[in-house]
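Undergrad: any chance you can model this:
(one chain, ligands or ions: 1)
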Amino acid sequence: MIGARTEQIAFMRNTSDGLSTVANGLTWSPGDNLVTFRKEFPSNIYPWLRLRNALGVEVRMCEERDGRIDLEELIGLIDSKTRVVAISQVQYASGFRADLERIGQAARSHDAFLVVDVIQAMGVMPTSVEPELIDVAAAAADKWLLTPEGVGLLYLSDRARERLEPTLVGWISVPEPEDYGDFEQGWNRGALAWETGTGPSALIHGLEASLRLLVETGVGKIANHLELLTDHLCERLQGRNYQIVSSRHPSEKSRSFVSATRVGLAQWPFTLTSRPEISSPLLVVIGSELRPTSTTPLRTSTSSSRHFLEKHGIYRVIIVRCPDNMYG
Ligand SMILES: Cc1ncc(COP(=O)(O)O)c(C=O)c1O
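TA: Numbers count the residues shown, from 1 in each chain. Predicted coordinates:
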């Protein structure tokens, strides 16, 4: 789905574990910095702030400009002391889609890693790790990969694996895990070095089934379908007292969701999300903060949805129906 080879993928619990793996596995020197975006989801902030607090690593945050990231501004923060550029492929609060190849070129020109939180894109946006110069990609599988919580994926490019030290290891981290007596094997040269011990096999089987479904359906097809839905929503909102926060520029819009605020009612923002396998309803979530707190694909009418809504202070869900001819 992302063009990775088997030895480049490790199972993790979630996105945070994957990103912390990188933060903790690099050897940082005085004066080093990393570049990120101020409105990243906290999973992509706390691992870096821990480095700032523990080791004095400088954390440079690019500000948001009108729901967008100004790539010139972000790239301008990268210099010869930058070790990591950490960014989401699709921003959770604005839907902004980053031009990874462009950021990756800037990162590589300073020998920094491009580290990408792909949770809001994997499964619904085509991603290709090598052409997009991604060194590390991390995602939990419980959003667009449609798997129960507790399992995620970490992609480590060959150069990332060469330079990162596995810091959380166990019996599976070596080349011959079942050779229980040989403690001097060194670490597995593949991403298994970053898996520790026995994993959540039931979840992994579920993830496999989801991946098969998504690959058979075609991520490009899903992306096109979601683009129709989100474009349609934006058209419907024209002239209706809503301001679209998400960039609608073709190279910046995510296809999976749109974020908007009600003009004059700053307390009523909403985000649109839709699960690929539910073709007719679009879910519009109205939250109590200025921006959506999350864009988890909601399972309607289940206790987990109710829990999600309560937890995130979301108090209203509107189902918007689109014309039938959109679902052929
Ligand atoms: C961009 C982004 N990253 C990460 C997460 C979740 O992090 P984790 O997988 O560590 O629970 C979310 C959840 O909404 C998110 O939107």
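Undergrad: how about the residues of this structure near the ligand?
TA: 14-16, 41, 43, 88, 92, 117, 119-120, 140, 152, 294 (Cβ under 6 Å from any ligand atom). Every C-beta, even on glycine, is put in place using the N, C-alpha and C of the backbone.
Undergrad: could you point out which element follows the longest helix belonging to the chain?
TA: Counting residues, the longest helix found in the chain (DSSP state H) is helix 219-237. Counting by DSSP states H and E, the next helix or strand C-terminal to helix 219-237 is strand 242-244.
Undergrad: I'd like to know which elements the longest helix of the chain is packed against.
TA: Where contact means 3 or more Cβ pairs under 8 Å, 6 or more residues apart in numbering; DSSP states H and E, helix 219-237 is packed against strand 265-273, strand 281-286.
Undergrad: and those, which one is worst for confidence?
TA: Lowest mean pLDDT within the helices and strands packed on helix 219-237: strand 281-286, at a mean of 40.
Undergrad: and the residue in the stretch 101-250 of the chain positioned nearest to the ligand, bridged to which residues?
TA: As assessed by Cβ to the nearest ligand atom, the ligand sits closest to A140 within the stretch 101-250 of the chain, at 3.2 Å. Beta-bridge pairing for A140 (DSSP bridges): G152.
Undergrad: residues contacting the residue nearest to D70 when sequence neighbours are not counted?
TA: Of all residues not flanking D70 in the chain, C62 sits nearest, at 7.4 Å (Cβ to Cβ, 6 or more residues apart in numbering). Counting by Cβ atoms under 8 Å, 6 or more residues apart in numbering, C62 makes contact with 35-38, 69-70, 73-74, 77.
Undergrad: filter those down to the buried ones.
TA: Buried residues within the contacts of C62, counting neighbours by 16 or more other Cβ atoms under 10 Å: 35-37, 69, 74, 77.
Undergrad: I'd like those residues as JSON lines, with secondary structure appended.
TA: Formatted as JSON lines, the buried ones among the contacts of C62 follow (DSSP: H, G, I helix; E, B strand; the rest coil):
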{"residue": "V35", "secondary structure": "strand"}
{"residue": "T36", "secondary structure": "strand"}
{"residue": "F37", "secondary structure": "strand"}
{"residue": "I69", "secondary structure": "coil"}
{"residue": "L74", "secondary structure": "helix"}
{"residue": "L77", "secondary structure": "coil"}
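Undergrad: now, which of those sits nearest the ligand?
TA: Set against the ligand, the nearest of the buried ones among the contacts of C62 by Cβ to the nearest ligand atom is F37 (10.7 Å).
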